[in-house]
Structures are given as C-alpha cells and as structure tokens.
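1. Predicted model follows, preceded by the sequence.
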Amino acid sequence: MAKFLMLGKYSVDGIKGIKAERTKKVVKIIRKSGGKVNAMYALLGGYDVALVIDFPGNANVLKASIAITKLTGIGFTTCPAMPVEEFDKISR
C-alpha cells in the first residue's frame, strides 16, 4: 500500500462540528475506502489537521477525501509520501 499525507483546513461549518464521534466516522470512511490510518494530528499554522494514511492507490484516497470533506467541511491537500530510505535509493 502507498502512504499519503492528508493536510486539512477547517471551514467555519467544519469547525463547529468538531467531536470525537465525527473523528470515528472519518476513520470508518478511510477503512471503507480501503485505507488504514497510521496517525492523526491537530496542527497550528497553515493547516488544522494532518492524517498519515495507507491506501492501495490514488482512486481510493480520492474517494475517501471527497467523502470526508462532505462529512466534515474540511478541505484537504493530499500528498503521496515515501520513506526517506526508498527516496535515497531512487535518487542515487
């Protein structure tokens, strides 16, 4: 599975709906879309939330991102990620 970093920014409506139950629904959407949550973080700065997730491919992560945005009002920037060791091998 490929690793992705999802960086999210709350909308006004999205911030009003913050609660643990909604977070559980987000995890369920990711699993239903074929993904696995490795970590979730609240952030300060340009983004409000970060998710480190595994997905089989781009279509799966896109499906999850759309569903999560519809549920939460959080807009995401999603980046494919790779371990530095793998990057080092490729960049030789």
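-> Everything's here; your move. Numbering: from 1, shown residues only.

2. remind me, longest helix of the chain?
-> Using DSSP state H, we find that the single longest helix of the chain is helix 58-72.

3. got a list of contacts for that helix?
-> By Cβ atoms under 8 Å, 6 or more residues apart in numbering, the residues outside helix 58-72 that reach it are 4, 6, 14, 17, 22, 25-26, 29-30, 33-35, 53, 55, 74-76, 78, 80. (C-beta placed from N, C-alpha, C; glycine too.)

4. mind running it again at 10 Å?
-> Helix 58-72 is contacted from outside by 1-2, 4, 6, 8, 10-11, 13-15, 17-18, 22-23, 25-35, 49, 51, 53-55, 74-78, 80, using Cβ atoms under 10 Å, 6 or more residues apart in numbering.

5. buried ones in that helix?
-> Across helix 58-72, burial judged by 16 or more other Cβ atoms under 10 Å covers N60, V61, K63, A64, S65, A67, I68, T72.

6. nearest to V84, of those residues?
-> V61 (20.9 Å; Cβ to Cβ).

7. Only C-alpha atoms, please: export the lowest-mean-pLDDT helix or strand in the chain in PDB.
-> Every helix and strand of the chain was ranked by mean pLDDT, DSSP states H and E. The lowest is helix 12-16, at a mean of 86. Below are the C-alpha coordinates for helix 12-16, written out as PDB (Å, rounded to 0.1, in the frame of the first residue of the first chain):
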ATOM      1  CA  VAL A  12     -16.400  27.600   9.500                       C
ATOM      2  CA  ASP A  13     -19.100  24.900   9.500                       C
ATOM      3  CA  GLY A  14     -16.400  22.200   9.800                       C
ATOM      4  CA  ILE A  15     -15.000  23.700  13.000                       C
ATOM      5  CA  LYS A  16     -18.500  23.800  14.500                       C
END
